[in-house]
Each structure stands twice: as structure tokens, then as C-alpha cells.
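[1] the following block contains a protein sequence and its predicted model.
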Amino acid sequence: MPESVAIIGAGLVGCLSALAFAKEGYHVTLYDFRQDPRLDTTQNKNLKSINLAISARGIDALKSIDFDACGRILQDMIPMKGRMIHDLKGEQESQLYGLHGEAINSINRSVLNNNLLDELEKTATDLKFGHKLVKIEWTDDKQICHFAITDDSTASLQTEKFDFVVGCDGAYSATRSQMQRKVEMDFSQEYMDLRYIELYIPATKVAKPEYNGNFAIAPDHLHIWPRHKFMLIALANSDGSFTSTYFGPKDQISDLITSKSRVKNFLIKNFPDIKNVMDLDDAAERFITYPKECLVCVNCNPYDVPGGKAILLGDAAHAMVPFYGQGMNCGFEDVRVLMELMKKHFGDRSKAFAEYSQTRHKDLVSITELAKRNYKEMSHDVTSKRFLLRRKFDALFSIVMKGTWVPLYTMVSFRSDIPYSRALERAERQTRILKFLEPLTLGVLSIGGFKLFKYLTKDRS
Ligand SMILES: Cc1cc2nc3c(=O)[nH]c(=O)nc-3n(C[C@H](O)[C@H](O)[C@H](O)COP(=O)(O)OP(=O)(O)OC[C@H]3O[C@@H](n4cnc5c(N)ncnc54)[C@H](O)[C@@H]3O)c2cc1C
């Protein structure tokens, strides 16, 4: 008899976990309190971003679980080779992510989720939507899961027994709170003073040859309007539209949404070029009526219940702010790392889960920290001459010191072989060196500039 596992949460990470365990021959049941998102009748499919960026860690994790399925799951993604910075005058500047054309990829969240569910249908996985986990009883033998049936007006309860549980039920995980009753788990939760609102840039009516489609702005870049305390971003969708997200302080948004004209004036003043591509009436309407979503960071430790009874993956273990575009990538990597440990310990869950908790924590703490720091980089640093100069030296050193010097963004987004904690350590060392060299390089540049000035202004008559 194969061992039975309940995967709680059919979001992105839950689906990949289910696929991974199903491929290894476990008897998998995947639960979600929502209805099947592939049904036309399903309302409120997902409250988070409409599209997201998938990079090397996410793609490599998918390939490690099912190489062939990866191609099907990731169809329709749009490569983004850099950031396009929009300044206050409406000018645009491209800042490439990598020296060798490396790109992150924009992909529609529901397409990705639905494609993962379609792959799961090809396995023996039981999919149970409309089931909300409310309680777990931990026993030496089986874990008894209690579900409220959410599609049933009588709100009945159902109980099922499993050998173990994988909690992928997001930032407000019910699995995690049930585990906290059994395990001495450190836990922290922090809200950012930011809210986000999703806006929309429609496809153009006439195809633009320079963009090879109906895109109003370059689809091969992640667009950023950095305004220090707030910012707007936009990622392309395969139908030619862009999903744009406004991030700003809670109080500022509350002040703005008192009237439509106030919102429109604010948008025109701070993002002058968007009036050419976005319907400002629609944007103001969205500001006022759409949910102002909050951003929460979660950290906990350990991630398992001893004896291989349960483990937490994805946002349930490490919700982070979205500014490095790594939340899902990291969650996918969780699945890869866990399955590698299961193989290493020949399926001994007890050992694999314990080692996962011991070894994974430093990487998860590092990426949550890096994600927080990246808000400053995206909203502010990208406009600073000093930051851009440092980036140029960063790139130069990576060419000269091949392999031993790798820019942080490259390590995080394009090098799944470098753990997040190692990336953070290396980047901090590199930044110290760059800061140390900065006065020297500025000096050399200014001496060079002075000499050039003297040469140009020399009276040659
Ligand atoms: C604005 C924004 C932009 C982002 N952009 C990116 C990006 O570009 N790249 C990236 O890598 N990441 C990004 N992220 C992060 C990414 O969305 C998350 O890391 C990812 O969705 C986590 O997946 P998950 O499956 O762990 O959790 P979720 O997506 O939260 O899924 C959890 C699932 O569990 C279900 N559930 C919850 N409670 C229960 C219960 N009691 N019983 C049964 N089911 C339950 C929910 O219905 C849900 O389906 C972004 C996040 C935000 C907010």
C-alpha cells in the first residue's frame, strides 16, 4: 500500500507538491477551500497578482519534478530581459538584468495554476475543492484531518486519515496553526506599510511591428515608474495587455481615493506617460473600488512535525513581499529541495523533513530579507546615479573575475545552484568591496573628467 498524503492548498506550490508526490507513487489527495479555478462558474479565482515573474529557480524546480510537463505548464510566458525605468518626464531607460541576455518571464497566474491542475489530472491524485481544513489531530499512526465543506450550504464536516500532511495553504495557513499546537514553532508575522492595487493597460487596437504584437509598451521589460515612496509596475500578458500594480503607503491611498479626479490628477502628475497607454477613468475607478491588498511577511521555524507527520512549504512557511519576484519561485524550490531529501533518505520522511527544517531555514530567512530590501532598489535606487555606477562596476567585475564575482540579481534570479543564503553572503561581501572602491573610482573619474575638461578648453590658437 502506498503511503497517503493530504496536500492542503491547491495554489501554485500545493499543485507542484501534489505532482511531485504523485510521481513518486504516493496516494495524494489535494484539498482547497476554493472551488476548482478552471470552472467558468468559479468566482474570485485568485486575489493575488494576475501575472507574475518566473525565473530560473521556479523553472528548474518544475523541470526536476517533470521535465516534459514543464514545457506544457510554462507555455505562453513572455521573457523580460530587463527593467524599463519611466522617469517623471515620461522618458524610458532600459536596465538589463544580465550581461548575457538572461531574462525572467511574465506568466499569467491562473494559466499557470490551471496548467498544473491539468497535469495533476493525468496522475492518480484526488482533487477535492470546496474543502477547508479546520483541524488536525496528530497521532502516532495517522494524522486525522477535519474539513468544513464550503460548497455545501449545511456547512458539514468531513474527517479523513493520512500518513502525513503537506501544508501549502498560504500566508494564513491553517496547517501551520495546527502544527503550532504540536511543535514549539518560532513564528513571526509582519505587515508592510504598503497596499497594492491592480490596474490595467489594454492591448493596442493596431499591432506594433517594433513589439511584434499589440503591446502598448515593450513587452520584453518589466516596467517600473519608481517614485521613491510609491511606485507603479507593469508586466506583459500574452494577449497584448499589461497588468500594472500600484504600490503605495496605506495613508496615501486612503487620502487619494476620496474622489476620482484626485486619483486622476495624482496619476497624471506622477506618471505622465501612462495617460497614453492606460484609461485613466478606469484606473481611478479601480483605485476607488478594487481591494487595497496588504503585504505580509511570515517566518517560522521549524517547518515540520517530528516523525515525518507534516511539513510546510511555500507561503505557509515563508510569505514575503513580492519585490524580488521570488515568492512562488522559492516555493517551487522548496518542493525540489524536499524531494531531493526524500530521495537521499530513501523515502524516510522523518529524516527528510527534519533535515529540510535544519538546512532550509537560512535560505528562507535570506530571501525574505532580500525581498524586503528590493523595494528600496525598485522604487528608489534605480534612479540613483551612484547605484547605477555601482551596478556598472558590479557587471565589470563579473566579467573580469569570471565565476568568483556574480551580481546579486544574477545569483537570485538566474542561478538556482547558488542557495539564497550564499547569494546574500556573497553579495554583502561584494557590496563592501564596491563601497570601498567607490571613492577611488569617483576620484579617478573626476581626475579623468578634469583632464578632459582642460584638454577641451585648452586655447590652441
Ligand atoms: C502582488 C504580488 C505579486 C507577486 N509576484 C510574484 C512574482 O512575480 N514572482 C513570484 O515568484 N512570486 C510572486 N508573488 C508571490 C506568490 O504569489 C506567492 O509566493 C505564491 O502564490 C505562493 O503560493 P502558495 O501555493 O504557497 O500559496 P497561495 O498562492 O496563497 O495558495 C494557497 C492555497 O491554499 C488554499 N487554502 C488556504 N487556506 C486553506 C484551508 N484552510 N483549507 C484548504 N485550502 C486552503 C487557498 O485557497 C489557496 O488556493 C507575488 C505576490 C503578490 C501578492
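    That came through fine.
[2] near the ligand, which residues of this protein show up?
    Selection of the chain residues close to the ligand by Cβ under 6 Å from any ligand atom yields 8-14, 31-34, 48-49, 52-53, 132-133, 168-170, 174, 196, 245, 314-316, 322, 325-329, 331. Every residue, glycine included, has its C-beta placed from N, CA and C.
[3] from those residues, which land in helices?
    12-14, 174, 315-316, 327-329, 331 (DSSP state H).
[4] isn't Lys260 up against Ala283?
    No: taking Cβ atoms under 8 Å as the definition, Lys260 is not a contact partner of Ala283, at 9.6 Å.
[5] the two: which has the busier surroundings?
    Using other Cβ atoms under 10 Å as the criterion, Lys260 and Ala283 rank with Ala283 on top: 24 against 15.
[6] quick one, phi/psi of the more buried one?
    Dihedral pair for Ala283: phi -60, psi -40, per degrees, to the nearest 10.
[7] so what pairs up with the closest residue to it other than its chain neighbours in the strands?
    Spatial nearest neighbour of Ala283, chain neighbours left out: Leu199 (5.1 Å); criterion: Cβ to Cβ, 6 or more residues apart in numbering. Note on Leu199: beta-bridge partners Ser244, judged by DSSP bridges.
[8] what is the neighbour count of Leu199?
    Leu199 has 24 nearby residues by other Cβ under 10 Å.
[9] could you measure it against Lys229, distance?
    In this view, Leu199 and Lys229 are 18 Å apart by Cβ to Cβ, to the nearest Å.
[10] can you list the domains in the protein?
    4-78+103-189+298-374, 192-293, 384-456 (automatic domain parsing).
[11] just name the most buried of the ones you listed.
    Ranked by mean neighbour count, the domains of the chain are led by domain 4-78+103-189+298-374 with a mean of 20 (mean count of other Cβ atoms under 10 Å).
[12] measure it end to end?
    Length of domain 4-78+103-189+298-374, first residue to last, Cα to Cα, to the nearest Å: 40 Å.
[13] can we start the residue count at 359 from this point?
    In the new count, where the first residue is 359, that last one comes out as domain 362-436+461-547+656-732.
[14] residue contacts, Leu614?
    Contacts for Leu614 (Cβ atoms under 8 Å, 6 or more residues apart in numbering) come out as 620-621, 624, 645.
[15] specify which member of those is nearest to the ligand.
    The ligand has its nearest neighbour among the contacts of Leu614 in Phe645, at 15.7 Å by Cβ to the nearest ligand atom.
[16] the residue nearest to Ala641 reaches Gly606, doesn't it?
    No: between Leu557 and Gly606 there is no contact under Cβ under 8 Å: 12.0 Å.
[17] can you pick out the most distant pair from the ones in helices among the residues of the chain next to the ligand?
    Ala532 and Asn687 (24.1 Å; Cβ to Cβ).
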